[in-house]
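>>> Give me a model of this one.
(chains A and B)
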2 protein chains.
Amino acid sequence: VSAPSHGVRVELGERSYDVCVGAGLLDDLASKLTALGAVTSVMLVTNPTVRALYGATVEQAIEPVSGKPPLVIEIRDGERFKNLATLESIYDTALDAGVDRGTLLIALGGGVVGDLAGFAAATLLRGIRVAMLPTTLLAQVDASVGGKTGVNRRQGKNLVGAFHQPSLVLADTLTLATLPAREYRAGLAEVVKYGMILDSDLFALLETRIDDVTAADATLMTEIVARSVELKAGIVERDETESGLRAVLNFGHTVGHAIEQATGYTRYLHGEAVAIGMVAAVGVSVAVGNCDPSLGRRLEKLLAALGLEK
Amino acid sequence: VSAPSHGVRVELGERSYDVCVGAGLLDDLASKLTALGAVTSVMLVTNPTVRALYGATVEQAIEPVSGKPPLVIEIRDGERFKNLATLESIYDTALDAGVDRGTLLIALGGGVVGDLAGFAAATLLRGIRVAMLPTTLLAQVDASVGGKTGVNRRQGKNLVGAFHQPSLVLADTLTLATLPAREYRAGLAEVVKYGMILDSDLFALLETRIDDVTAADATLMTEIVARSVELKAGIVERDETESGLRAVLNFGHTVGHAIEQATGYTRYLHGEAVAIGMVAAVGVSVAVGNCDPSLGRRLEKLLAALGLEK
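Purely as a prediction, here's the structure:
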């Protein structure tokens, strides 16, 4: 019996794809991969932490699809490895193993794995397919959807990359229970952002179900992740390459990025910095009369309840 | 008085662009750049050899467009520098100088400059505009049109890259007179290829005007380059990312690449290897009855007259 799940279609013409969200979905991976059509080989990009948790399940699901076990490309865990040197190691492993234009890359992990594997897929042989299996809340509601890929440079984050839409995204909300509490809470900041800028019902849902949210209740989080993905998909469909509208998704990020950079990317997680940035942005809006002060108070109260108050 | 020139439109929806071909066109660069719309800054990628010949003309034309002289990014001359290390040096120079999404990269040079600058433009800030000013025959009739960009890896040529269409291509056929004779002849092999696979009139034109062709007569070469670009554009329009049809452009390249690889890319220029590959391909076609033997004889005679007989 399959777990209840939501399918969100991202409509981008010939680059359209499905985002599947549900508790236990990794067990259905084989059938989802089969729907992608012919695959000559599969290469799985992941890190040791995630592989220890989900590697066996995923590798088992891949074998019937490509007729052999996947080549596993392990990268190191952490934002500081999201660079050209790691990308080059992915290129070499893939090229030595005979990657061809029918190869499917699969990214299993958080945003770092997704951004690196996505950029490798965008550029190996001038573009091959990639499937995203995001295992962090941040990656499920944000990074895995929309095709932004890239690496950091010493001049700043994500300064080199490509827009390359995935062929499939599969978000298993059971994985959220294995996240460190701090990382999970930081991911919730992006959900709060969607509620603030696009969906007052989602914002209210977070307020009323705060205990289930913080406990990562899989049924509730399936609903919340799917709704977040729908909201992001709606924006991406209208502005795939961020020439205008898509910039609304940067709410809270201007100050947030400045805080991350000023503290050398070590003190705050991305979502924690975004939480501070949202409070600052709303503060400015209230000050100039563009925002009701009560919304600012609700935002601060919600962030505090999620442990994102500092 | 402007020199006679041909404009070829490459129709790819929102990625459409003009290819301008003519003798002395570099002198018209400023007006062509102005037609691209707002530009915040211009960065010129070139190598010392080409810069010595055309740098002053091009830099002078750029200044009124962006209100300041271009940042010049010099890379080393030669296929062996078409690698990730050179790409990284372009990234660093551009990022240190404050590249933004309104920046225009200009590639002034042959295929190596175009492939590197094009790939940098494809990936800096997830994609900025690039204009191609090809100065070799090979780049004018092939590399600068169609959006293929990339770098070599030790596993092979062009294994990492992107499809990224330029915003403008401007081919000044006067530059052909400054090419080393051997490089010029090798570029003619790609013109012969177009004649063989797509245009018997072009093939016949090469046969009847052989002296003017080898002398790089600017009027005749404007006609020949423009026709070659039209033929390539027609293929690219129907198969932008080489999922099928575009592979016809690889005629002679299977054997050609093998020859280049087997000889370590030092003995033959690309066009020389393609010439050998075309003779081999036609030989096979004649042997299996798919090609009239007289065409094979005409090909060998034409290549010999162009100094590509070995």
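>>> buried set for the biggest helix by length in chain A?
Counting by DSSP state H, the longest helix found in chain A is helix A:218-238. Across helix A:218-238, burial judged by 16 or more other C-beta atoms under 10 Å in any protein chain shown covers A:218, A:220-233, A:235-237. All C-beta atoms are positioned from the backbone trio N, CA, C, and that covers glycine.
>>> can you tell me if it touches chain B.
No - Helix A:218-238 stays clear of chain B (C-beta under 8 Å from any C-beta of the partner chain), getting no nearer than 13.4 Å.
>>> State the mean pLDDT of that helix.
Throughout helix A:218-238, pLDDT has a mean value of 96.
>>> by contact count, what packs against it?
strand A:5-10, strand A:17-22, strand A:168-172, helix A:181-198, helix A:200-208, helix A:210-214 (3 or more C-beta pairs under 8 Å, 6 or more residues apart in numbering or on different chains; DSSP states H and E).
>>> I'd like to know which of those lies nearest to residue A:58.
Closest approach to residue A:58 among these (C-beta to C-beta): strand A:168-172, 9.9 Å.
>>> what's in contact with the closest one?
The contact list for strand A:168-172, computed with C-beta atoms under 8 Å, 6 or more residues apart in numbering or on different chains, reads A:17-26, A:28-29, A:32-33, A:35-36, A:131-135, A:140, A:144-145, A:225, A:229.
>>> Got a quick ChimeraX command for the buried subset of those?
A single ChimeraX command selects the buried members of these (16+ other C-beta under 10 Å):
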select /A:17,18,19,20,21,22,23,24,25,26,28,29,32,33,131,132,133,134,135,140,144,145,225,229
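>>> Let me know the secondary structure of whatever residue of the stretch 201-310 of chain A ends up closest to chain B.
At 6.9 Å from chain B, residue A:241 is the closest residue in the stretch 201-310 of chain A, using C-beta to the nearest C-beta. Residue A:241 falls in the coil class when you classify it by DSSP: H, G, I helix; E, B strand; the rest coil.
>>> you'd agree it is up against residue B:126?
Yes - between residue A:241 and residue B:126 there is a contact under C-beta atoms under 8 Å: 7.4 Å.
>>> of the two, who's got more company?
Legend: neighbour count by other C-beta atoms under 10 Å in any protein chain shown for residue A:241 and residue B:126, higher for residue B:126 (22 against 13).
>>> for the closest residue to that one other than its chain neighbours, what are its contacts?
Nearest non-adjacent residue to residue B:126, counting by C-beta to C-beta, 6 or more residues apart in numbering or on different chains: residue A:161, 4.8 Å away. With contact set as C-beta under 8 Å, 6+ apart, residue A:161 has these partners: A:115, A:119, A:122, A:148, A:149, A:150, A:151, B:123, B:126.
>>> residues contacting the first one?
Pointing back at residue A:115 there. A:82, A:143, A:148, A:149, A:150, A:151, A:158, A:161.
>>> one more time with 10 Å
Residue A:115 sits next to A:79, A:82, A:87, A:107, A:139, A:143-144, A:148-152, A:157-158, A:161 when contact means C-beta atoms under 10 Å, 6 or more residues apart in numbering or on different chains.
>>> Between those, which sits nearest residue A:276?
Among the contacts of residue A:115, residue A:157 lies closest to residue A:276 (C-beta to C-beta), at 16.7 Å.
>>> Tell me the secondary structure at that closest one.
strand.
>>> where's it relative to residue B:49, distance?
Using C-beta to C-beta, to the nearest Å, residue A:157 is found at 37 Å from residue B:49.
>>> that older thread, surely the residue of the stretch 201-310 of chain A closest to chain B and residue A:147 touch.
Yes - under the criterion of C-beta atoms under 10 Å, residue A:241 makes contact with residue A:147 at 8.7 Å.
>>> any residues in contact with both of the two?
With contacts taken as C-beta under 10 Å, 6+ apart, the residues that reach both residue A:241 and residue A:147 are A:163, B:126.
>>> What helix or strand is residue A:44 located in?
strand A:41-46 (DSSP states H and E).
>>> Point out the residues in the stretch 51-200 of chain A that sit beside chain B.
A:84-85, A:87-88, A:91-92, A:94-96, A:98-99, A:101, A:119-120, A:122-127, A:147-151, A:153-156, A:158-164 (C-beta under 10 Å from any C-beta of the partner chain).
>>> Can I have the buried ones of these as a ChimeraX selection?
Those of these that count as buried under 16+ other C-beta under 10 Å are selected in ChimeraX with:
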select /A:84,87,88,91,94,95,99,119,120,122,123,124,125,126,127,147,148,149,150,151,153,158,159,160,161,162,163,164
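>>> Strands - which of the residues of the stretch 51-200 of chain A next to chain B land there?
Among these, DSSP state E puts A:148, A:149, A:150, A:151, A:153, A:156, A:158, A:159, A:160, A:161, A:162, A:163 in strands.
>>> can you tell me which of those residues lies nearest to residue A:61?
For those, the minimum distance to residue A:61 (C-beta to C-beta) is 23.5 Å, reached by residue A:149.
>>> partner residues bridging that closest one?
Listed beta-bridge partners, residue A:149: residue A:162 (assigned using DSSP bridges).
>>> close enough to count as contact, it and residue A:113?
No - using C-beta under 10 Å, residue A:149 is not in contact with residue A:113, being 11.1 Å away.
>>> which parts of the helix or strand residue A:302 falls within are buried?
Assigned by DSSP H and E, residue A:302 belongs to helix A:293-305. For helix A:293-305, the neighbour count (16+ other C-beta under 10 Å) marks A:296, A:298, A:299, A:300, A:302, A:303 as buried.
>>> For that helix, C-alpha coordinates in PDB please.
The C-alpha coordinates for helix A:293-305 follow below in PDB (Å, rounded to 0.1, in the frame of the first residue of the first chain):
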ATOM      1  CA  PRO A 293       2.200  46.200  12.300                       C
ATOM      2  CA  SER A 294       0.100  43.200  13.500                       C
ATOM      3  CA  LEU A 295       1.600  41.100  10.700                       C
ATOM      4  CA  GLY A 296       5.100  42.000  11.900                       C
ATOM      5  CA  ARG A 297       4.100  40.800  15.400                       C
ATOM      6  CA  ARG A 298       2.600  37.600  14.100                       C
ATOM      7  CA  LEU A 299       5.800  36.900  12.100                       C
ATOM      8  CA  GLU A 300       8.000  37.400  15.200                       C
ATOM      9  CA  LYS A 301       5.800  35.300  17.300                       C
ATOM     10  CA  LEU A 302       5.700  32.400  14.800                       C
ATOM     11  CA  LEU A 303       9.500  32.500  14.300                       C
ATOM     12  CA  ALA A 304      10.000  32.400  18.100                       C
ATOM     13  CA  ALA A 305       7.700  29.400  18.400                       C
END
